[in-house]
Structure formats: structure tokens, C-alpha cells
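Enquirer: Just to be clear, the model below is a prediction. Sequence and coordinates:
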Amino acid sequence: MTHGSSYRNTVLISVAGVTGLVWGLRFLPYLIPQGRVWGVNHLLFLPPVYLWIYAALGIIILSLFFRPVAQISNRVFGSAAAVLLERPFPKRWLFAAVCAVIFFWFLKLPVYLLGDSFSVTANISNDLPVIYKWSEIGSIFMAVIVSKIIPVAGAESGVYAYGVISVLSGGATIFLLFALAYELGNDRTQRLFIFCLTLFAGWTLLFFGYTENYPVLWPFITGYVYFGIRYLRGKNSLIVPFVFLAASMVLHLQIAFFIFSFILLLFSRGLPARLYENHKKIILSIIVLGMAGAAVLFYKFYQQSLELQIYLMPLFVGHGATAGYTLFSIDHLLDIGNQLLLLMPAFPVLLILSFGRWRKLFTDRLNQFLILLSLGGFAFLFIIEPRLGMGRDWDLFALAGLAPLLLVAKIAIERHSILSRFFPVIIIASLTMIMPYLAVNMNYDSAVENYKFLLSLDRERGRTGVTNLIKMYDEKGDKAVVDSLKVILRDHYPAATLAPTAYELIDQRRYDEALIISDSLFKLDPYSIENFLLRASILIKQEHYARAIQDLETAADLGRYDSRPLIRLAQAYNQLGQFEKMMMVLRKAQQCDAKSFKVAEGLSSGFYSMGRYDSALVYAQKMIEVEVNNPAGYIAAGLCAQRSGNLTLAESYLTNFLRLDPANPLANRAKEILASINRAITQ
């Protein structure tokens, strides 16, 4: 056997073996269905026919390793490459992108459960401008603009706004992936290989009407990578990748992890490159000192910021009931592995094939650029807490996979001249392995079951997810499921049972006992909004307003789109007579949830305390509009109307109040006012 033949056989065995192993991982969950295998377990949630289809596709993948079938597949692959990537074909790429947009829209996801989907869509649907979360200000602002343009109003406007952004981002990303593949590949088949690798990946789900703030980042980051590579090759100016990076930074601050790659671009050409060569030691010293100073400032900020402590992975001791989930814990490392397999099913194959050229990585400026992008992505993947709002926020980390996939694909192609023979089999294997994941999310029932599994992995952090399910089934009117989920909430989350008990103790003025319960809940979860709200309620009753305000401000910072901390904060300022601060906080609460009964009640009460009875009446009437059978709205409107001098209106509202709740403690006061109104009218 010749050396060349031995080499080809080694490559064949490597590709076939690793491809078969990664393909076979989708069967592992059948052996450990409750195991931490969320990146490859999607066949479990689909009808049995999908299992047989997946197995049949595996046989097709195997057949592609045999020469006769491989020759046919290579001819087809080569023909497709000639049509799309023989030369720059912007019109053809644009046509493909438009077709993709139509495809994404018609296969739009039927349910939105992951991450903050419920909150962000409700937020955009509000009549008033939203509260902009500081780390996502650009993405949210864009969603607001789109929601005003599209011909959809009301509660659905947020869903459709994010849907439009998602599918258009997908089309733009596909166009740029064509351009990126053309720039990276040396011939048409290499280019099509790179394009298909980046398309047949887990992040493609983000373009099927996904309701979150991440899809819009993809065209900007893909454009940054593309124009960054072109800049390194002297084909465009530095301003172009800078604009794409700056725009993505405005959209979402997670892009900060990719900034270091721009430093390489900055010093790779022109005057900065000459300055670097002439003053290398000084520039490196400045960079090192700057990084050291930034680390010190970051540490100080971290010590003071509860929000940052929640977002970052703890080193050795986790948070409350999840004390074992840390940076180097087995569960976290398994989650990283699941994330990579979900995002990049072909990554293990390419990683194996790229061995042997790692020593030459740093001699190529383009490789260095992709390495810095990859390191930024992996730092983001490892450092940020992956269970921010539920069992799993995989979508937040999707961008971490693009650069490493491009890097290992580029290296593997350069190392193995005969790898082109295996382009079709690797691509078909990638498509096969992401299909179960896409199929799960395209079906309502399977998506919900998959979501429930994700919640079960980290039950202690799943309360928000269970609450999302309750909201979803409540909107559907499925009372039986809502009741069963409330039982789960009560049985598995102590705060759901203990917190109501504590509030009952507050009503009974047993504040010390309520505080004991509050302290025990903080031990379970030191970063829970509910716990801060509970303790603040106790402190307000004890007239410890300064400490209560501190807790409520923390809860407001953690709550993103939750109006409750703001309403209670306004109540505290009202008690202190700080009406200007009270109204500022109430306006924020109104921006957060303009349709909330509690927000309207807070505004009515606030204006009433300030003696602005006409304004108070407007929001009391808003209370009635929101909850027509709630007596609180009628008593508030009656009192405001009486103070405004509109006795006829006051009589109407107070009469309705007594009709709805004659046993209310305020009934006697309502009767006294009605009597005085009658006397005034008769006189």
C-alpha cells in the first residue's frame, strides 16, 4: 500500500468514524432519557416516524462513503457549486435569500417559550414606548419601530414585529454567508461546503420567526466577519467592518466579547501597523496596563452589582439552591458540550480533521482574526450564566459558534487536499442532525414537551419557565393544565407556598415571623425578585422605608419588564411624600405595562395624594376599563369624582362599588359620601 493510499484511507476512516459517532449520539437519549443530553435528545419528543426517517438518512450518509455513490453526490454538489459560487453572483445570492425569507415566514414557529419571549413581545405590544433594557437597547428599539410600521395592532404586534425582524435577518444573513463562503473558499466546492456548514446549524432556528433580541445580530456579525476578512486581504477599508461591529454593539452588548478581534484588524495594516512595528513594547505595555485597569474596575463593579453577579458564572460556589452549578462543574461543562453539538453538528468531524495544523495557526493573520473571534465567543459561552430566565437560554449563545466553525473548516480544507470528496457526506450529515431539532420546534406539542424537559434539568431555576407555561395555557383557556401546573409550582418551588404565608402574616401584623420566612427564602434563592418584593413589603409595614426602597430598586433592576417593583417603589415614595420620585417611577411602570390594573391604581393613588383629582380620576376610570368587575376601581373613581366636584359621576361610581362589594371595609365611607351627595343635591 502506497503512502498516498494509506493517507486517503486514514482520512476516510476518520471522517466515517467521527460522522457515525456524532450521528449516533442522537440515539443516546433513548438509553438515558432523563440525562443531561438536551443538545441531541430531540427525537424523543417526535412521533416514531421521525426516528425511522433519521435512521434511513443515516443509511444514505453511510452509502456516500462508497465510491460509486460518492462520485454521483460529488457531481451534483459540484454542479450546485458552479451555479452559486463559481464566481460572485450577487443576484443569485439575493434570489436565494428572498426565497429563504418566504420559507422562514411560512414555517414560522408555532409557540414562543424560550428565554424572554413572553416578556419581550408583551413589552413591544404596549401602547407607550417600552423601557429599554440597557444591554439590548438597539434590538428593542428596532422592534418598537417595526411594530409601528407593520399593519398589526394590539397584543399580536410584538409577536409579528419580532417575527418580521427574525425572517428578514435570516435572509440578510444567508446573503452574507454566500459572500463569506466565497471569500474563504479557494474553489467553488470549498465555498459551497463552507456555506452549507454555516446554514445547516442549530442557529438557523433563530430565523423562523423567533421572538427574541438575538436574530437581528446575525447579519451584522456575519457582515463584520466578512468585511474583516476582506480588510485583511486589502479589499476594503477598516471603516466597513467597524460600522458592522459598532451597529451590532448598539443592538446588544454581548458583542463586547468580540471586540478584541477588532484590535487585530486595527494594527494589521497601514499607519497603525507601522506604529505597532516601531513601538511594539510601548503599545503592548499600554494594552496590558489597560486590561489590568479594566480588570480592577470590573472587579469593583462586580462587587457592587447584583445584576452582574447573577449574569456571570460563579467560580466555586453557585447561587442559593444551585450551589453546585459553577464554572467548572460537570453540569456546566456538559451544557457547553450540548450547546456545541446543537449549534454545530459537524464541528467534531472538522475538529478531528484539522489536527496537525494547529502549530501554524498564528502565522496566518486571517486565522488569528478567527481565533480571537472564537475566543471571545467561548469566553461568552463559559462565563455567562446559561440559565438566566429558565432551564436553558441556548439562543443567547448561538453567535459563539460561527467563528470556530469557520476556523476549523478552513484548517481542515487546507490540511486535507482530498477532503473535497467528503463535502457532500458531511453536509448531508449536518442537515440530518439538525432536522430533529427544527422539527421539534416546528410542532406545538413537541416544542412544549421539549421546553418542559429543559425546565426539569435545573428544577430550582425553572420557576419562571413554569410561570410562562401557566400564562400560555391560561391564554388558551385550558384550566385543567393551568391547575396542574400551579400544583407543580406549589410542590416544587417553596417560595410559591411560603411567600403567600408570609403575606398572610403581614396582613396579621406579625412582621417578625414574616421576616423569618423571607430570610429562609433568600437562602434558597438570593437573587429572586419575589424575595426582594416580600422583604420590601415587610419593611414598608415596619416603616423602614430606606431599606425597603433599596430592596425595591434591586428588584426593579432584576425584573427587566416587571412593573410590580416599580409600583411598590412608588408606594414607598408616596409614604415619604416624595411625589416627584413617585411619579417618575410610576411613569416607568406605565411604560413597562400600560394595560396593568395595578399600574393604573398606582397612578390614580399618586395623583390623589398630590391633590390632582382630575388626573387621578382618569386613571381610576382606566382601572374600571381594565377590570370592569373590580370594586377597587369604582371606589377610587367615586372618591376622585367627589373631590373633583363631579357629584353625579361620584354617585354613579360609588353606587356600583356598593353593588359589587357591599361588605368591603370602605362601604361605610362610600355610604357617608353618598349621603352627603344626596344632601347637597336636595339643597
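Expert: Ah, there it is. Residues are numbered from 1 along each chain as shown.

Enquirer: what's downstream of the helix or strand in which Gln550 is found, the next helix or strand?
Expert: Assessed by DSSP states H and E, Gln550 sits inside helix 545-558. Sequence order places helix 564-575 as the next helix or strand after helix 545-558, per DSSP H and E.

Enquirer: where do the strands sit along this structure?
Expert: Using DSSP state E, no strands are found in the chain.

Enquirer: the bottom helix or strand of it by mean pLDDT?
Expert: Using mean pLDDT, DSSP states H and E, the weakest-scoring helix or strand in the chain turns out to be helix 117-125, at a mean of 69.

Enquirer: ok, the residue nearest to Gly185 when sequence neighbours are not counted - contacts?
Expert: With sequence-adjacent residues excluded and distances taken as Cβ to Cβ, 6 or more residues apart in numbering, Gly185 is closest to Arg191, at 3.4 Å. From N, CA and C alone the C-beta is placed, and that goes for glycine too. In this structure, Arg191 makes contact with Ala81, Leu85, Ala181, Tyr182, Leu184, Gly185, judged by Cβ atoms under 8 Å, 6 or more residues apart in numbering.

Enquirer: now the helix holding Gln550, how far from the centre of its chain.
Expert: The chain centre lies 25 Å from the centre of helix 545-558; the measure is Cα atoms, centre = their mean, to the nearest Å.

Enquirer: how close does the residue nearest to Gly185 sit to Leu180?
Expert: Computed as Cβ to Cβ, to the nearest Å, the Arg191 to Leu180 distance reads 9 Å.

Enquirer: now do Asp661
Expert: From Asp661 across to Leu180, the span is 65 Å (Cβ to Cβ).

Enquirer: Those two: which has the busier surroundings?
Expert: More crowded of Asp661 and Leu180, by other Cβ atoms under 10 Å: Leu180, with 24 against 18.

Enquirer: What mean pLDDT does stretch 18-37 get?
Expert: Stretch 18-37 carries an average pLDDT of 91.

Enquirer: So for that stretch, what gets flagged as buried?
Expert: Residues of stretch 18-37 classed as buried by neighbour count (16 or more other Cβ atoms under 10 Å): Val18, Thr19, Gly20, Val22, Trp23, Leu25, Arg26, Pro29, Val37.

Enquirer: And for stretch 563-570?
Expert: Ser563, Arg564, Pro565, Leu566, Ile567, Arg568, Leu569, Ala570.

Enquirer: now, which of those sits nearest Ala555?
Expert: The closest of the buried residues of stretch 563-570 to Ala555 turns out to be Pro565 (Cβ to Cβ; 3.7 Å).

Enquirer: Give me the local confidence score for the closest one.
Expert: 84.

Enquirer: In contact with it: list those residues for me.
Expert: Pro565 is in contact with Ile529, Phe532, Leu533, Ala536, Leu552, Glu553, Ala555, Ala556, Gly559, counting by Cβ under 8 Å, 6+ apart.

Enquirer: Taking those, please make a ChimeraX selection of just the buried ones.
Expert: ChimeraX command restricting these to the buried ones, with burial defined by 16+ other Cβ under 10 Å:
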select :529,532,533,536,552,553,555,556,559
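
Enquirer: all helices of the stretch 51-200 of the chain, in order?
Expert: Taking DSSP state H, counting those that start in this stretch, the helices of the stretch 51-200 of the chain run over residues 67-85, 90-106, 117-125, 137-149, 157-184, 188-199.

Enquirer: hang on, Leu206 packs against Tyr214?
Expert: Yes: Leu206 is within contact range of Tyr214, at 6.2 Å (criterion: Cβ atoms under 8 Å).

Enquirer: Now do the shared contacts for those two.
Expert: Jointly contacting Leu206 and Tyr214 under the rule Cβ under 8 Å, 6+ apart are Asp395, Ala398.

Enquirer: what's the neighbour count on the residue nearest to Ser147 when sequence neighbours are not counted?
Expert: Nearest non-adjacent residue to Ser147, counting by Cβ to Cβ, 6+ apart: Ala161, 3.8 Å away. Neighbourhood size, Ala161 [other Cβ under 10 Å]: 25.

Enquirer: thought Ala161 was touching Ile140?
Expert: No: checked against Cβ under 8 Å, the pair Ala161 and Ile140 is beyond contact range at 10.2 Å.

Enquirer: about what we covered before: which other helices and strands contact the helix holding Gln550?
Expert: In terms of contacts (3 or more Cβ pairs under 8 Å, 6 or more residues apart in numbering; DSSP states H and E), helix 545-558 is packed against helix 306-311, helix 529-541, helix 564-575.

Enquirer: and it, C-alpha only, in CSV?
Expert: Extracted in CSV, the C-alpha atoms of helix 545-558 (Å, rounded to 0.1, in the frame of the first residue of the first chain):
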residue,chain,number,x,y,z
TYR,A,545,-38.6,53.0,54.1
ALA,A,546,-34.9,53.5,53.2
ARG,A,547,-34.2,49.7,53.4
ALA,A,548,-37.4,48.9,51.5
ILE,A,549,-36.6,51.3,48.7
GLN,A,550,-33.1,49.7,48.4
ASP,A,551,-34.7,46.3,48.0
LEU,A,552,-37.3,47.5,45.5
GLU,A,553,-34.7,49.3,43.4
THR,A,554,-32.8,46.0,43.3
ALA,A,555,-35.9,44.1,42.3
ALA,A,556,-36.6,46.7,39.6
ASP,A,557,-33.1,46.2,38.2
LEU,A,558,-33.5,42.5,38.1
